[in-house]
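Visitor: sequence and predicted model, in that order:
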Amino acid sequence: MTNDLPEGPDSAPRRRATLKDVAHRAGVSVPTVSRVIAGDYPVALGTRRRVEKALRELDYVANTHARALRGHGAGTVAFILRDVRGEAFAQFAHGIEEEASRRGRLCLLCVSGGDPGRELRALNLMRQQGAEVVIIIGSVVDDEAYRQRMAETARSLDRAGSRLVLCGRPPLGEGVPVTVVEYDNEGGAYAVTSRLLAAGHRRVLLFGGDVALTTSAQRFAGYRRALTDYGVPYEEDLVVEAAFDRGDAYLRMRERLAAARDFTGVFALTDVVAAGALRALTEAGLRVPGDVSLVGYDDVPLATDLWPQLTTVHVPYEEMGRTAVRLALDRRGDGRGAPADHVLLGTHVVVRDSVAPPPPARTA
């Protein structure tokens, strides 16, 4: 039998083998090759061996991967992140990959950079590829334009047989075919701010983030609720925005210290922001927690690498990733007995070494 596909290291680059090529090589029909690949239909042992031999010789594995991306064969779980460099995002991704792999799915990753246009293009691509599950992770500006755009996308994915999952984002409203996995973001902020207030701090700097984004806005709400419950007035000059980036946090804290050292506690909206703040505080000759107490949010490994080790809020990022995949894949089409479409996971404060009572007020 002749081989009509070039082979060997000295030959020209071969074209991708097709089902027809494999069928021709094995001397069987195309449907027979499909049955052998799927493994869900009885095929005579001799025929199966001829097909498997042809698959190996023609390196058909690349083709089966392409079929998987189109939604045939092994299913796919796609997820879209703002940034792959953040430890919290990495934990999310690890949880998604673990659960998807356990269930025999491939994973696809896209990065949006926080750009709504890039995010929408990635969503459309995943719909075209036939991904079973499409997970979006990270905060957003929760305005009417976003809700309308995302609701339309969710319905489009649903019609294509895919399920949209929002992680760390609020629900889109009644009747939208979407699964939402959140964590108690505001509750964690309330608890860690309360930790500072209970230690005696009355001037607590809220540091980092952009309150126009959902993640920051919810933490800001928890901070304000704690102030109210402790009878401490809210002061706008104790709110400083900074990117969720160590370098920018360092610069913003240096600027704030140059303007005034009128606070004894700092609630940094992420552990990375806390690391930048800690460097600036230390360079300014301030001791943590002797002069200024500092808390963070996320409980990523960085929190225990700092000195002092950081009191922070633990967020179950890996569990969120696993839960997102599990709920989407377990969901039944008719909805009866289906997993919940909206899950709220808990957060808690991890107490370490960065909080102490404020230093005694200086007297003239």
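Guide: Cool, the structure landed. Numbering: from 1, shown residues only.
Visitor: what helix or strand is the closest residue to R246 other than its chain neighbours located in?
Guide: Closest residue to R246 apart from its sequence neighbours, by CB to CB, 6 or more residues apart in numbering: G276 at 4.2 Å. Any C-beta I mention is one placed from the backbone N, CA and C, and that applies to glycine too. Take DSSP states H and E as the rule and G276 turns out to sit in helix 271-283.
Visitor: just checking, which helix or strand succeeds that helix along the chain?
Guide: From helix 271-283 onward toward the C-terminus, using DSSP H and E, the following helix or strand is strand 293-295.
Visitor: other SSEs contacting that following strand?
Guide: Contact partners of strand 293-295 among helices and strands, from 3 or more CB pairs under 8 Å, 6 or more residues apart in numbering; DSSP states H and E: helix 185-198, strand 265-268, helix 271-283.
Visitor: remind me which residues of the protein are low pLDDT?
Guide: Within the chain, the stretches with pLDDT under 70 are 1-16, 39-40, 61-74, 332-339, 362-364.
Visitor: helix, strand, or coil at F263?
Guide: Secondary structure of F263, reduced to three states by DSSP: H, G, I helix; E, B strand; the rest coil: coil.
Visitor: buried sites along stretch 305-317?
Guide: Along stretch 305-317, these residues count as buried under the neighbour rule (16 or more other CB atoms under 10 Å): L306, P308, L310, T311, T312, V313, H314, V315, P316, Y317.
Visitor: what's the end-to-end length of it?
Guide: Here the two ends of stretch 305-317 are set 19 Å apart, with distance taken as CA to CA, to the nearest Å.
Visitor: next one: stretch 288-298
Guide: The straight-line separation of the ends of stretch 288-298 (CA to CA) is 19 Å.
Visitor: distance of the spatially most central residue of the chain relative to A221?
Guide: Per CA atoms, centre = their mean, the C-alpha nearest to the average position across the chain is that of I137, at 3.8 Å. I137 sits at a distance of 21 Å from A221 (criterion: CB to CB, to the nearest Å).
Visitor: equivalent analysis for L172, please.
Guide: Applying CB to CB, the value for L172 to A221 is 20 Å.
Visitor: and the two? Which one has more around it.
Guide: L172 (20 against 15; other CB atoms under 10 Å).
Visitor: now, which of the buried residues of stretch 305-317 sits nearest Y183?
Guide: For Y183, the closest of the buried residues of stretch 305-317 turns out to be V315, at 5.4 Å, with distances computed as CB to CB.
Visitor: contact partners for that closest one?
Guide: Contacts for V315 were tallied using CB atoms under 8 Å, 6 or more residues apart in numbering; they are A88, Y183, G188, Y297, D298, D299, T347.
Visitor: if we use 6 Å, what do you get?
Guide: Applying CB atoms under 6 Å, 6 or more residues apart in numbering, one finds that V315 lies in contact with Y183, D298, T347.
Visitor: how much space separates the first one from V351?
Guide: Separation of Y183 from V351 (CB to CB) stands at 19 Å.
Visitor: who touches stretch 48-59?
Guide: For stretch 48-59, contacts defined as CB under 6 Å, 6+ apart pick out A17, D21, V22, R25, A26, V33, V36.
Visitor: just stretch 133-146 next, same as before
Guide: Counting by CB under 6 Å, 6+ apart, stretch 133-146 makes contact with 77-82, 92, 126, 162-167, 169-170, 212-215, 324, 328, all of which sit outside it.
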